[in-house]
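Peer 1: Below are the sequence and a predicted model; questions follow.
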Amino acid sequence: MQPSIPNPDPRFHTENIKKMLGELIEHLREDTCQISEPKAQVLFETTAEVLKGLQTAFSHYEEGKEPGMRQ
């Protein structure tokens with residue numbers, strides 16, 4: 001992981017986090033196809049879905065749609 005670049009704009013940081021989450025989601029889904037143990041497959045896919053939800057929350061924040069984050 002690279003060090004954070006100083007920038008006061010929260011959207012700059014949310015974009016970076018969304019990108020990292022996307023990369024991790026992709027990695028988990030690729031690994032799910034390579035693993036033969038059903039419990040591990042479920043764990044990896046569930047983790048990917050949870051991270052997808054977090055990625056969506058970051059998008060909603062950027063769009064001003066997240067109810068708890070409205071000003």
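Peer 2: Now that the structure is in, tell me what you want to look at.
Peer 1: and the helix or strand hosting residue 23, which residues are buried?
Peer 2: Per DSSP states H and E: residue 23 is located in helix 10-34. Using 16 or more other C-beta atoms under 10 Å as the test for burial, helix 10-34 gives 14, 18, 21, 25, 28, 32. The way it works is simple: take the backbone N, C-alpha and C, and place the C-beta from them, glycine included.
Peer 1: From residue 47, how far off is the residue nearest the centre of the chain?
Peer 2: Here the mean C-alpha position of the chain is nearest to the C-alpha of residue 21 (C-alpha atoms, centre = their mean), at a distance of 3.0 Å. Computed as C-beta to C-beta, to the nearest Å, the residue 21 to residue 47 distance reads 11 Å.
Peer 1: hmm, back to that, nearest spatial neighbour of the residue nearest to the centre of the chain, skipping sequence neighbours?
Peer 2: residue 55 (4.5 Å; C-beta to C-beta, 6 or more residues apart in numbering).
Peer 1: ok, the one you found touching residue 20?
Peer 2: No: using C-beta atoms under 8 Å, residue 55 is not in contact with residue 20; the gap is 9.5 Å.
Peer 1: Could you check the pLDDT of residue 71?
Peer 2: Predicted confidence (pLDDT) for residue 71: 54.
Peer 1: swap in residue 65?
Peer 2: For residue 65, pLDDT reads 75.
Peer 1: and what of the one 3 residues further on?
Peer 2: We have a pLDDT of 64 for residue 68.
Peer 1: can you check residue 2 too?
Peer 2: The model reports residue 2 with a pLDDT of 64.
Peer 1: How about the one 5 residues further on?
Peer 2: Among the per-residue scores, residue 7 shows a pLDDT of 84.
Peer 1: Report the contact partners of it.
Peer 2: By C-beta atoms under 8 Å, 6 or more residues apart in numbering, the contact list for residue 7 reads residue 13.
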